[in-house]
Structures are given as C-alpha cells and as structure tokens.
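Trainee: show me how the following folds:
(one chain, ligands or ions: 1)
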Amino acid sequence: MPLTSAPSSRGLSHDHREILATVDAFSRQVLHPLQQRMDDEEWWPPEVFPRLGEQGFMGVNVPMDLGGAGADFVSECLVTQAISRWNPAVGLSYAAHENLCLDNVVANAGDAVKARWVPGMCDGSVVGALGLTEPGAGSDALGGMRTTAVRDGDDFVLNGTKLYITNGTIADVVLTYAKTTPAAGPRGITAFLVDTTAPGFRVAQKLTKMGLRGSQTAELVYEDVRVPADHVLGDVDRGVSIVMNGLDRERVVIAFNALGIAERALEVSIAFAQDREQFGKPIGANQLISGQIADMYVELEALRSFALDVAFEVQETPHGTAVQQTATRSAALVLLAGRTLNAITDRGVQIHGGGGYIWETEINRLYRTAKLYEIGAGTNEVRQTIIGSNLLGIKAR
Ligand SMILES: Cc1cc2nc3c(=O)[nH]c(=O)nc-3n(C[C@H](O)[C@H](O)[C@H](O)COP(=O)(O)OP(=O)(O)OC[C@H]3O[C@@H](n4cnc5c(N)ncnc54)[C@H](O)[C@@H]3O)c2cc1C
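Mentor: I've put the predicted structure just below:
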C-alpha cells in the first residue's frame, strides 16, 4: 500500500500530493542510503542541506523574493514528513533549521538581516539552529534562563551556555534567547540571530545520543559574543512572544517528523511479517501478528488525520498570533504523535523478534529515534499541562 496515497490525506491539494511524492522519491533515493553510516558514526553529510536546497525543499514556506519556495505551511509539514520517513536524523536537523530557526527569522528579523541570511538558508549553504534550552533551563526554559545580553554601543554582548542544540556543531547562525533585563524574568528576554563565526562563540561538546545520531546535537558556549543590535529579532525584552508564537508551528512540524517515522516503521514491519516464515508460514499469517499490524495502522491513520487537521488550522492562524485553541490542539497533536510513534515502533520491534533488538536493523534505529518525540518541543508532561490547564481554565504553577 503506497504511503503517499492514504485515504485520510484527502484534504491535501494536488500540489500538496505532488510535493509529498517528489520529496518522498528524492529521500528514498538519496537520503535513505546515508542513514546507516550516519547512525553508526554519528556522521553528518555536509552536502545534504545544499542538495535539499537545490531541489527547492528548503525555505518551503519562505517568500520567493527571499529565495524561498513560496509554498504554504502545510507543504513545509509534508516535506518534513517525507524526509523523516527515509532518514529521521536528517528530518530532525531539517526541522530545526527550517522551522525552529528560519521560520522565526523570516517572521521577526529586520529587512537587512533577512537579506543577509535568509537566501543562504533557503539554498542550504547557511545552516540554522535554535538555542533556547540551557543546563538549568529545560521545561522551565524562560524562568530558568541564565544567558545574558548586555547592550554595549551598537552591539549586545552575550554570555551563557545552551544545551542539547540540534545542528549545534554545524550551524552558521543560532537563534539565541538571552536575558536583557534579568530582573523582569521571562518579560526581560530577547531573541538574537548569532553568527557562529563571532569571537567568543564555541561548541563546548558534541553530545552522543541513543537515536537520531547523525543529527548533530551540541552544547554551545557564548563568552562575550558581540551581536550587532540589528540582529535582534522582534523587540528587545519581547523574546517571549517569539517563543510562544512559534511554538504552535514547531509542535505541528515535529508531529510530522513523528508521522513520517511511524509510516516507515509500519512499512518495514509489514514487509517483515510477509517475508519471515516460522512454523512453515509467514509470521503475518498468525492473527496475533496481523492484529498488531492492524493496530499500528489504526494508530497511524488516527495520527495522520489529526496532524493534517491541526496543520491546516495552524496555517490559517496568522504567524504571530497566539490562539488558545490552536495552542491546545498543537500540544495535543504533538502529545499524540510522540505516544503513537513510540507505540508503533515498539510493536515493530516485537514483530521483528531478535532482529528488532539488533542495533543496525532499520526498525531498531526507528525505535531508538522515537523517544525524542516525547521529550523535544516540550515533554509529554509539559504538553499535558498546557492542554489540561487550557481546558480547565486553571493556570499551571
Ligand atoms: C535530541 C535533542 C534535541 C534537542 N534540540 C533542541 C534544540 O534544537 N534547541 C533547544 O533549545 N532545545 C533542544 N532540545 C532540548 C529539549 O527541548 C529539552 O530537553 C526539553 O524541553 C526538556 O528539558 P530538560 O531536558 O531540561 O528536562 P527537564 O525540564 O529537566 O525535565 C525532566 C523531567 O521532569 C519533568 N518536568 C519538568 N517540569 C515539570 C512540571 N512542571 N510538571 C511535570 N513534570 C515536569 C519533565 O517532563 C521531564 O520528564 C533538544 C533535546 C534533545 C534530547
């Protein structure tokens, strides 16, 4: 059954289906063969982003006059989904670049900064990252933030540490949050676009992960890093609104990463259950195995329908407006996506038997990948807190 023509994709336009099919074909041919080495050696292939740029798969939702494809937000989600099917590590790095960094730069930077950085981010020659999390500031990213930025003439001077930053070792620019008015707490945070060649910026360590190992995750240190004042995104002390306004989109994109990975997990599990014979017949002939496949399918299709529904809703919500219903539904989507992906990859490993437990099998790689999707973009608990407090009308402490 071709994954790209699932019935619940019915809301997609002809163009959307074309995009999904084109990126799927490219990713199958070009990105899938890279995944084993990326996982084994924690290797990042430097040509990947320029190749995605060449194909028009970067800057999907960026206006054409800035070098983007000028397509809609749903298209960005579909590109993420198709890449993640065939190479989840590239899918995560892509989402960090394309959505967490680039989308927020386009929505909030001044014209000169956009003209300088955005075309390169759309052709893949400039790699972006988002630096929000810190050693002492994870779920409480805003309240616990210690990184500071102090105005000095035409510049701000940044000091601090960021942790678990996707693309950290390969980034040319990092959208970095820092406290400009520490006494004001979360209301004193500013967003900066930091050029990683600036003196004082360094990668303190590359982190070794259980999954998504080709995606480069790092700890970043800022020691008296000078950032020109025109590289402030939005207004000084108003960084919180950039974080909050970007979050709904980020959560939807991350859910499409999970959707693509879950599709692939089902596909390899079906193939295995058809091929592997025990007791003289394919294991899929056993109702206990076909029932698992059926459950995986049901879980996947429910996720796909919800994902598309929320993606269209978020697309219709103008960038920069925080709508409570959209925030609730995007948190619900990413919560469902992480849980569904983990359930599907767990069943997939079970279907693969001993092979599922072996490091280099694809289902094992997908299984190791899945856990991040219950942690990144706000943990499951944070997502539950948002949904619960919005439904109850009681603010979480
Ligand atoms: C592979 C990877 C890539 C990442 N990429 C990026 C990136 O590109 N940029 C970036 O800025 N960050 C990134 N992150 C960071 C990620 O967003 C954080 O790990 C996440 O927000 C959780 O923060 P923490 O790890 O500090 O956990 P903590 O906040 O310390 O949480 C630990 C546990 O306590 C729970 N908990 C905390 N507070 C509460 C509460 N109030 N109620 C109930 N439970 C609670 C959490 O849910 C969790 O189970 C990445 C992380 C990983 C692993």
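Trainee: how about the residues of the protein by the ligand?
Mentor: 96, 100, 129-133, 138-139, 164-166, 209, 217, 372, 375-376, 378-379, 381-382, 385 (CB under 6 Å from any ligand atom). Bear in mind the C-beta positions are built from the backbone N, C-alpha and C, glycine included.
Trainee: quick one, strands of the stretch 201-350 of the chain?
Mentor: 201-206, 217-228, 232-233, 277-278, 281-282 (DSSP state E, counting those that start in this stretch).
Trainee: among those strands, which is the most enclosed?
Mentor: Among those, strand 232-233 has the highest mean neighbour count (mean count of other CB atoms under 10 Å), at a mean of 22.
Trainee: what packs against it?
Mentor: Here strand 232-233 touches helix 104-108, strand 189-195, going by 3 or more CB pairs under 8 Å, 6 or more residues apart in numbering; DSSP states H and E.
Trainee: which among those is found nearest to E267?
Mentor: Comparing the helices and strands packed on strand 232-233 against E267 with CB to CB, the closest turns out to be helix 104-108 (33.1 Å).
Trainee: what's in contact with that closest one?
Mentor: Around helix 104-108, the neighbours that count as contacts under CB atoms under 8 Å, 6 or more residues apart in numbering are 61-63, 66, 68, 113-114, 117-118, 121, 128, 130, 173, 175, 191, 193, 233-234, 242, 245-246, 319-320.
Trainee: show residues contacting the one helix or strand T369 maps to.
Mentor: Using DSSP states H and E, T369 maps to helix 362-370. Contact with helix 362-370 is made by 35, 39, 88-89, 210-212, 258, 261, 264-265, 268-269, 272, 338, 341-342, 344-346, 348-349, 351-352, 355-358, as judged by CB under 8 Å, 6+ apart.
Trainee: sorry, back to before: save the strands of the stretch 201-350 of the chain as JSON lines, and put in mean pLDDT too.
Mentor: Shown next, in JSON lines, are the strands of the stretch 201-350 of the chain (pLDDT from 0 to 100):
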{"stretch": "strand 201-206", "mean pLDDT": "98"}
{"stretch": "strand 217-228", "mean pLDDT": "98"}
{"stretch": "strand 232-233", "mean pLDDT": "98"}
{"stretch": "strand 277-278", "mean pLDDT": "98"}
{"stretch": "strand 281-282", "mean pLDDT": "98"}
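Trainee: distance of the residue in the chain that the ligand sits nearest to from N87?
Mentor: Nearest residue of the chain to the ligand, counting by CB to the nearest ligand atom: G138, 1.7 Å away. To N87, G138 is 27 Å away according to CB to CB, to the nearest Å.
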